[in-house]
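Colleague: Sequence and predicted structure, then a few things I'm wondering about:
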Amino acid sequence: MNRILLPLLLFLFVTLSYGQQQEEALKDIKGKILHMNAPLPSVVVSNTSSDFEIVSDTDGSYIIAAKEGDILTFTYPGMNTLEIIVEDVTRILNIKMTQQLTKLKEVTVSRSRLKSQDQMRAEYRTNPNLINTAFGFIDTETSSVKMEVLNESNFNGASLCILDVLRARFSGVRVFGNCTNGGGITIRGIGSLNNASGAIYDVDGQIFRETPLFIMPENMERIAILYGFSATVRYGFAGGGGVVVINTKGANFLTEPGTKKPYDLARVRNNIFDGNVITANALEANAPNYLKKLRAAKNLEAAMAIYKEQMQRYSSSFHYAIDAHKYFKDVWNAMDFSEAVIQNQWDVFQDNPVALKALAYVYEEAGDFEMANQLYKDIFILRPHYAQSYLDLANSYRNIGNFKRAAAIFSRYDYLIQEGFIIAKDLAFTETMRREFDNLLDLHGKHLVNDRKSKFSNTKKENIGTRMVFEWNDSEAEFNLQFVNPQGHYYNWKHNQEANAERIRDEKLKGYSCEEYLIDDSLVGTWKVNTTYMGNKTLTPSYLKVTVYHNYGTASQSKEIRIFKLSLKNVSQELFTLSHSVKLASK
């Protein structure tokens with residue numbers, strides 16, 4: 001594979017790139033827009049730079065022209081407006097719209113005080129007026145939602161399915177068909193006396209368009225009917241025909257940890273970790289089929305034959321190339337062949353900074369810092385205007401022992417700040433960059449006497465103890481990080497558009513994708529770190545790099561690098577555990 005050397009003179013070009021706007025070619029951005037996993041038509045997709053806008057089709061699909069740096073907005077009545085900044089690699093954006101919630105300035109409740117979602121979940125088993133929906137619990141006594149609830153005690157004992165349970169039970173609800181041959185339910189909404197449309201079904205928070213005949217009545221606990229406007233407001237276009245909400249037994253109430261006893265409302269609760277995560281071993285069951293076939297090979301020759309068959313099919317996938325590369329290196333120690341895998345598919349890496357960064361992570365985890373350094377040079381040339389490019393390349397030079405070159409890159413970043421080419425006021429990155437530079441000066445200052453004059457570094461010695469740095473290859477990656485301390489209490493950091501849109505916008509504008517956490521050494525014991533992956537607006541995995549520093553800021557400072565491929569969505573999975581006496585571990 002060809003490599004491009006990066007002399008320091010190239011930074012002169014980088015300085016200029018901040019001062020002028022390069023003309024970028026227009027490209028087509030396309031995808032599908034969903035709400036509650038249902039296609040959402042008539043969403044207005046606008047390019048704010050060109051004032052061009054289109055409307056999504058009936059299947060939720062759209063296509064719009066844009067260039068790098070443009071901002072696309074997705075707007076729909078009753079939904080939160082979404083802004084996405086187009087990047088160099090942006091081609092596909094599959095969008096999930098979220099319901100818009102109006103925050104009231106003041107609410108006065110005369111009959112009973114409003115309850116939180118946690119309180120209603122705790123009361124569910126003893127309060128027949130509560131129903132659980134995809135948008136949370138609703139109390140029929142205090143809610144303005146037009147709905148009717150049917151409890152298990154009022155079910156017809158001879159019912160075979162949901163059709164029998166609801167037949168002739170609610171005004172405006174018509175049941176057709178039967179439990180053997182299939183059927184459905186229509187709900188007449190407000191202002192629609194003659195026109196009834198098919199209902200959708202909300203089963204313990206999961207949305208179904210087809211009638212869930214597979215649920216036995218004896219497994220149902222409560223059923224609710226949401227009518228007309230109430231359903232449309234919450235479920236959007238899909239709920240226009242009304243919603244049948246089904247709560248099954250055991251899925252909607254809390255129990256005491258480790259028991260089947262009802263939740264004790266009298267006890268004081270906190271953010272206690274319940275241990276409900278998927279381990280690395282359990283994730284193996286969800287590995288791609290191509291990887292399962294490779295792992296089933298009895299010897300290296302058989303594995304090579306399988307790879308040659310698969311390579312043609314997956315020739316455009318850098319994720320496959322990385323998986324195959326790691327497989328041949330880790331399982332068979334076939335170092336030359338594993339490198340040949342990358343060379344065979346180099347065309348899917350060379351102009352793709354997202355792919356190059358994932359591959360660089362893999363080399364770093366393996367301790368091949370020279371190879372990673374070459375890749376970070378390539379990424380820098382592709383993305384000279386990304387702040388993350390400076391941090392990655394500086395740390396990469398430090399990893400190969402070239403401390404002067406690392407300091408020069410930090411100083412160049414400092415220069416760009418001083419000259420106003422980079423805005424240093426951001427939500428996270430500048431502090432991380434400063435800490436990295438300070439640490440370099442603290443531990444290797446004897447090699448870098450002249451670099452101590454930088455205004456960017458405060459040269460304040462930091463003895464932190466344990467430091468964790470999280471980096472991800474795809475800026476569209478959405479995930480949550482959960483930190484569980486030795487006492488079992490957890491803290492969640494949410495990296496997704498719905499919960500942290502300002503942070504993600506800041507990352508896109510300045511070009512960084514990292515977050516750091518410092519652990520208080522006074523809390524002795526084992527920490528757990530988990531994640532929940534939520535996707536990256538395409539159907540591809542994302543890669544998370546975690547660097548854990550031990551004895552950070554001291555002469556005995558050391559670090560470990562681990563890479564995690566995130567593909568399984570919406571489940572909490574264990575990343576690793578760590579303690580002061582035991583280094584990074586993964587179950």
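Modeller: Arrived safely, thanks for sending. Numbering: from 1, shown residues only.
Colleague: Surely Ile362 is in contact with Ile561?
Modeller: To be clear, residue 362 is Val; Ile isn't right here. No. When contacts are counted by CB atoms under 8 Å, Val362 is not listed as touching Ile561 (10.1 Å). (Glycine included, C-beta is placed from N, CA and C.)
Colleague: who has more neighbours, the two?
Modeller: Neighbour count, other CB atoms under 10 Å: between Val362 and Ile561, Val362 has more, with 23 against 20.
Colleague: Okay, now the unreliable bits of the stretch 251-400 of the chain?
Modeller: Along the stretch 251-400 of the chain, the model assigns pLDDT under 70 to residues 253-271.
Colleague: What ranges does it have for its strands?
Modeller: Using DSSP state E, counting those that start in this stretch, no strands are found in the stretch 251-400 of the chain.
Colleague: Could you verify my assumption that Lys67 touches Asp28?
Modeller: No. With contact taken as CB under 8 Å, Lys67 and Asp28 are classed as non-touching, separated by 10.9 Å.
Colleague: quick one, which of the two is more surrounded?
Modeller: With neighbours defined as other CB under 10 Å, Lys67 and Asp28 compare such that Lys67 has more, 18 against 10.
Colleague: what about that one, distance to Arg209?
Modeller: From Lys67 over to Arg209 the distance is 37 Å, taken as CB to CB, to the nearest Å.
Colleague: same question, Ser556
Modeller: Shown here: Ser556 relative to Arg209, a distance of 60 Å by CB to CB.
Colleague: Please apply the same query to Gly525.
Modeller: Taking CB to CB as the criterion, Gly525 is separated from Arg209 by 48 Å.
Colleague: got the buried residues for the helix or strand Arg435 falls within?
Modeller: Remark: Arg435 resides in helix 429-444, with elements defined by DSSP states H and E. Within helix 429-444, the residues that qualify as buried by neighbour count (16 or more other CB atoms under 10 Å) are 429-430, 432-444.
Colleague: what is the orientation angle of whichever strand in the chain runs longest with helix 429-444?
Modeller: In the chain, ranked by residue count with DSSP state E as the criterion, the top strand is strand 542-552. Using axes from the mean of the first three to the mean of the last three CA atoms, to 10 degrees, the direction of strand 542-552 lies 40 degrees away from that of helix 429-444.
Colleague: Who has more neighbours out of Ser556 and Arg209?
Modeller: The neighbour count for Ser556 versus Arg209, taken as other CB under 10 Å, is higher for Arg209 (12 against 7).
Colleague: Quick check: Gln117 touching Ile138?
Modeller: No. Using CB under 8 Å, Gln117 makes no contact with Ile138, being 10.1 Å away.
Colleague: Looking at the two, which has the bigger crowd around it?
Modeller: Taking other CB under 10 Å, Gln117 and Ile138 do not tie; Ile138 has more neighbours (23 against 11).
Colleague: Counting neighbours, what do you get for Val401?
Modeller: Heads up, residue 401 is Gly, not Val. For Gly401, the neighbour count with other CB under 10 Å is 11.
Colleague: In a strand, it, correct?
Modeller: No. Gly401: not assigned to a strand; according to DSSP: H, G, I helix; E, B strand; the rest coil it is coil.
Colleague: how about the helices in the stretch 101-250 of the chain?
Modeller: Assigned by DSSP state H, counting those that start in this stretch, the helices in the stretch 101-250 of the chain fall at 117-123, 162-166, 228-235.
Colleague: Same list (these) but as CSV, adding distance to Tyr76 and mean pLDDT.
Modeller: Rendered in CSV, the data for the helices of the stretch 101-250 of the chain read as follows (distance: least, CB to CB, whole Å; pLDDT from 0 to 100):
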stretch, distance to Tyr76, mean pLDDT
helix 117-123, 25, 80
helix 162-166, 30, 92
helix 228-235, 12, 73
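Colleague: So for Glu471, which of those helices sits nearest?
Modeller: The closest approach between Glu471 and any of the helices of the stretch 101-250 of the chain, judged by CB to CB, belongs to helix 117-123 at 33.1 Å.
Colleague: That closest one - contacts with which helices or strands?
Modeller: Contacting helix 117-123 under the criterion 3 or more CB pairs under 8 Å, 6 or more residues apart in numbering; DSSP states H and E are the following elements: strand 130-133, strand 136-139.
Colleague: at 7 Å what do you get?
Modeller: Judged by 3 or more CB pairs under 7 Å, 6 or more residues apart in numbering; DSSP states H and E, the packing partners of helix 117-123 are strand 136-139.
Colleague: what comes into contact with the strand it packs on?
Modeller: Residues from elsewhere that reach strand 136-139 (CB atoms under 7 Å, 6 or more residues apart in numbering): 115, 117, 120-121, 129-131, 145.
Colleague: tell me which of these is nearest to Ile71?
Modeller: Gln117 (33.2 Å).
Colleague: neighbours around the nearest residue to the closest one once chain neighbours are set aside, how many?
Modeller: Nearest residue to Gln117, sequence neighbours excluded (CB to CB, 6 or more residues apart in numbering): Gly136, at 5.0 Å. Other residues within reach of Gly136, judged by other CB under 10 Å, total 12.
Colleague: Then the one 3 residues further on?
Modeller: Residue neighbour count, defined by other CB under 10 Å, stands at 17 for Asp139.
Colleague: and what of the one 4 residues further on?
Modeller: Using other CB under 10 Å, the number of residues around Ser143 comes to 15.
Colleague: what does Ala285 give?
Modeller: 9.
Colleague: First-to-last residue distance for stretch 33-42?
Modeller: 10 Å (CA to CA, to the nearest Å).
Colleague: mind checking how far stretch 553-569 is from the chain centre?
Modeller: 19 Å (CA atoms, centre = their mean, to the nearest Å).
Colleague: Residues contacting that stretch, please?
Modeller: The contact list for stretch 553-569, computed with CB under 7 Å, 6+ apart, reads 283, 286, 361-362, 364-365, 439, 442-443, 461-464, 479, 533-535, 541-551, 575-576, 583-584.
Colleague: and with 8 Å instead?
Modeller: By CB atoms under 8 Å, 6 or more residues apart in numbering, the residues outside stretch 553-569 that reach it are 278, 283, 286, 319, 322-323, 361-362, 364-365, 439, 442-443, 461-464, 477, 479, 531, 533-535, 541-551, 575-576, 583-584, 586.
Colleague: same deal with stretch 484-491?
Modeller: Around stretch 484-491, the neighbours that count as contacts under CB under 8 Å, 6+ apart are 270-273, 482-483, 523-530, 579.
Colleague: Okay, now the unreliable bits of the stretch 401-550 of the chain?
Modeller: Applying pLDDT under 70 to the stretch 401-550 of the chain flags residues 423-427, 449-463, 520-522.
Colleague: how about the strands of it, start to end?
Modeller: Defined through DSSP E, counting those that start in this stretch, the strands belonging to the stretch 401-550 of the chain, from first to last, are 465-472, 478-484, 490-495, 514-519, 527-535, 542-552.
Colleague: CA atoms of the second one as CSV?
Modeller: Okay, so that is strand 478-484. What follows is the C-alpha trace of strand 478-484 in CSV, where atoms were taken according to Å, rounded to 0.1, in the frame of the first residue of the first chain:
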residue,chain,number,x,y,z
GLU,A,478,-24.5,7.4,18.8
PHE,A,479,-24.0,5.5,22.0
ASN,A,480,-24.3,5.8,25.8
LEU,A,481,-21.4,5.1,28.2
GLN,A,482,-22.1,3.8,31.7
PHE,A,483,-19.6,4.0,34.5
VAL,A,484,-20.3,1.9,37.6
